[in-house]
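Trainee: The following comprises the amino acid sequence and a computationally predicted model.
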Amino acid sequence: MKPGLPSQRRRGFVLLLFIMSSVAIFPITGLAVDVVLLYFVKARLSAAVDAGALAGARSLSRGGDFAAQKESAIVTSTNYFNANFPRGYLLTSAAGPSISVDVNQTMDRTRTVTINATVEAPLYFLRLLRFDRTPVAAMGQTSRRDVNIMLVIDRTGSLETAGACGAVKAATIGFAEKFSEGNDYLGLATFAVASRPDVPATNTNFKQLVRTVMDAMVCSGWTGGAQGLSIGYNELKRLNDPGVLNVILFFTDGQPNTLTGSWPIRKPPYYPDPPGSGNSAMSPCSNRDDKLGAITPNSPVRGLYGWVSTGFPRPQDPGVLTTSVYNNCSFRTAGVNTVNLDVSHIPDYDYFGNYTRSGWGGAPSLNSTTHRSYNYPPVGRKIALTTSNVERVSINALDNAAIRIRNDATLNPVIYSVGFGDVVDALLRRVANDPLADNYDPTKQTGMYIYSPTADGISLAFSRIAAEILRISL
């Protein structure tokens, strides 16, 4: 048997093996450490370009044309990048990163902000191999789709009573300021008994136009919510631009209680009789064709009021209808609280095609007798013209208007709702198709409902909606 190697010779062999292995182990270890450090620099640089691109896209609302908006985006992107990755950060080059910002606009109404940044990052262990620094690059890109927005704003008397009319004005003006003239389209429709597009949706000077209307607005009247929402939607249909994000912001401080419709006029013999008449009564109107107007739920009901608000810049209800087609009608000669002597019943659809017989407001009561008009056979029981029914069908019309709008598979509108004061959250959740709504439909555009418990909170609610719109358009 051979004797083993002396211990000194074995130690010498291990030392020699370690020295030979170190030639490979040290560079590999150094490379691993430096790669980890470079990865950290890369991660921070990527976060900085992403933040800059996002901030730049959001700043595209500043400026009256694309050139000014582009300049705003470049400045904002650069500032946000520098705040997140200053010179010398993580021991990178003292000269700072090299950064370029580009803003492009495509034919499909999408604007893209792109940031490219490069920085010289330090190496540590690899300096042994005469590598002191290496470049690290990152790119961030955010695209912002243009938006068509209609603001549908309550201007009823309850806001004045609550001392919140001024807060609504400020919130509406502030909301418009967050969007981009020249690219986004924005319009305004205020509603009470009557409404109209006070600012037809436009991409030109809408910020000042909204400010002018809000400064002149007076809060008074009842709540024609279905009409306001429908007019806002009609403006989006007029633009007819499915390539953008189509949005309605609906604000109210109460339940709908006013209906605009084409009201059937009593013709002989027409039932039911007006209270206390004891016979088949016809309207004293000279012309007994259906009459277009608005009815409010006072006790007794009142109307017919004009349904198109008057005047720019001050939107207001025009009052009782006075053109010749209403000559000799009782509501004109004897007062608005006698409109039930002219109108036979509540129609099944309002003027805008919103169904009134069912919805969140519940089923209205029907007349006790079968309706028939002169020379026509019976047509069935109709919705009785009562105070409670006017309130109920006004709610149904708003509920069904929101459903009808969401079913537009071409424009795919998104509805956001903001409530204040005496509102019912469940109804406004349904209007917005909020995920908490009892009829939430995940196959349609999902909106959001926000309740503001105070007048001061209305602006915060509007700002939150604006941020959500900008988020989903990015």
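Mentor: That came in fine, so what should we check first? Residues are numbered from 1 along each chain as shown.

Trainee: can you pull the pLDDT of R109?
Mentor: If you check R109, the pLDDT there is 76.

Trainee: Excluding chain neighbours, what is closest to it?
Mentor: The shortest distance from R109 to any non-neighbouring residue, by CB to CB, 6 or more residues apart in numbering, is to D146 (4.1 Å). Quick note: C-beta positions are derived from backbone N, CA and C, even for glycine.

Trainee: Can you report how many residues neighbour that neighbour?
Mentor: 22 (other CB atoms under 10 Å).

Trainee: try the one 5 residues further on
Mentor: Around L151 there are 27 other residues, counting by other CB under 10 Å.

Trainee: Surely it touches G187?
Mentor: Yes - with contact defined as CB atoms under 8 Å, L151 counts as touching G187 (7.0 Å).

Trainee: model confidence over stretch 246-257, on average?
Mentor: 97.

Trainee: actually stretch 82-99, not the one I typed
Mentor: Rounded mean pLDDT across stretch 82-99 is 93.

Trainee: Return the set of buried residues in it.
Mentor: 82, 84-85, 89, 92-93, 96-97, 99 (16 or more other CB atoms under 10 Å).

Trainee: Next, the buried residues of stretch 40-60.
Mentor: 41, 44-46, 48-60.

Trainee: again, but for stretch 55-74
Mentor: 55-63, 69-70, 72-74.

Trainee: What is the nearest of the residues you listed to A226?
Mentor: Lowest distance from A226 to these (CB to CB) belongs to S61, with 30.9 Å.

Trainee: My guess is the closest one contacts D184. True?
Mentor: Yes - at 7.5 Å, S61 counts as touching D184 under the criterion of CB under 8 Å.

Trainee: okay, the buried residues of stretch 82-99 in a markdown table with secondary structure next?
Mentor: Output for the buried residues of stretch 82-99, formatted as a markdown table (DSSP: H, G, I helix; E, B strand; the rest coil):
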| residue | secondary structure |
| --- | --- |
| N82 | helix |
| N84 | helix |
| F85 | coil |
| Y89 | helix |
| T92 | coil |
| S93 | coil |
| G96 | coil |
| P97 | coil |
| I99 | strand |
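
Trainee: what's the most distant pair in the residues you listed?
Mentor: N84 and S93 (16.7 Å).

Trainee: all strands for the protein, in order.
Mentor: Secondary structure of the chain (DSSP state E): strands at 98-105, 110-122, 133-145, 147-154, 185-191, 195-202, 245-254, 259-263, 291-296, 302-305, 414-422, 448-452.

Trainee: could the ones you listed go into TSV alongside distance to D348?
Mentor: What follows is the strands of the chain, written out as TSV (distance: least, CB to CB, whole Å):
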stretch	distance to D348
strand 98-105	47
strand 110-122	43
strand 133-145	39
strand 147-154	24
strand 185-191	22
strand 195-202	22
strand 245-254	24
strand 259-263	9
strand 291-296	15
strand 302-305	18
strand 414-422	24
strand 448-452	28
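
Trainee: closest one to S283 among these?
Mentor: Taking these one by one with CB to CB, strand 291-296 is closest: 9.1 Å.

Trainee: Put the alpha carbons of the closest one into CSV.
Mentor: The C-alpha atoms that make up strand 291-296 are tabulated as CSV, following Å, rounded to 0.1, in the frame of the first residue of the first chain:
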residue,chain,number,x,y,z
LYS,A,291,-99.5,69.5,-27.0
LEU,A,292,-95.7,69.5,-26.4
GLY,A,293,-94.7,70.8,-23.0
ALA,A,294,-93.6,70.0,-19.4
ILE,A,295,-95.8,69.2,-16.4
THR,A,296,-94.7,69.5,-12.8
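
Trainee: Mind giving me the packing neighbours of it?
Mentor: Applying 3 or more CB pairs under 8 Å, 6 or more residues apart in numbering; DSSP states H and E, we find strand 291-296 packed against strand 259-263, strand 302-305.

Trainee: Reformat these as a markdown table; add mean neighbour count and distance to V414.
Mentor: Shown next, in a markdown table, are these (neighbours: other CB atoms under 10 Å; distance: least, CB to CB, whole Å):
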| stretch | mean neighbour count | distance to V414 |
| --- | --- | --- |
| strand 259-263 | 26 | 25 |
| strand 302-305 | 26 | 31 |
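
Trainee: Any chance of the ones you listed in JSON lines with distance to N396 as columns?
Mentor: Shown next, in JSON lines, are the helices and strands packed on strand 291-296 (distance: least, CB to CB, whole Å):
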{"stretch": "strand 259-263", "distance to N396": "9"}
{"stretch": "strand 302-305", "distance to N396": "18"}
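
Trainee: For L249, which of those is the nearest?
Mentor: Of all these, strand 259-263 comes closest under CB to CB, at 21.0 Å.

Trainee: So what are the sheet partners of the closest one and their directions?
Mentor: Based on DSSP bridges, the pairing partners of strand 259-263 within the sheet are strand 291-296 (antiparallel).

Trainee: Next, the angle from the strand it pairs with to strand 195-202.
Mentor: 100 degrees (axes from the mean of the first three to the mean of the last three CA atoms, to 10 degrees).

Trainee: got the contact list for strand 291-296?
Mentor: 193-194, 222, 224, 227, 257-263, 265, 285, 301-307, 321, 325-326, 329, 339, 342-343, 351, 385, 390 (CB atoms under 8 Å, 6 or more residues apart in numbering).

Trainee: Could you rerun that using 7 Å?
Mentor: Strand 291-296 is contacted by residues 193-194, 222, 224, 257-260, 262-263, 265, 301-307, 321, 326, 339, 351, 390 when judged by CB atoms under 7 Å, 6 or more residues apart in numbering.

Trainee: rounded to a whole number, what's the mean pLDDT of that strand?
Mentor: pLDDT averaged over strand 291-296 gives 96.

Trainee: which residues touch stretch 162-169?
Mentor: Residues contacting stretch 162-169 (CB under 7 Å, 6+ apart): 153, 159, 214, 217, 219, 251, 253, 420-421, 455-456, 458-459.
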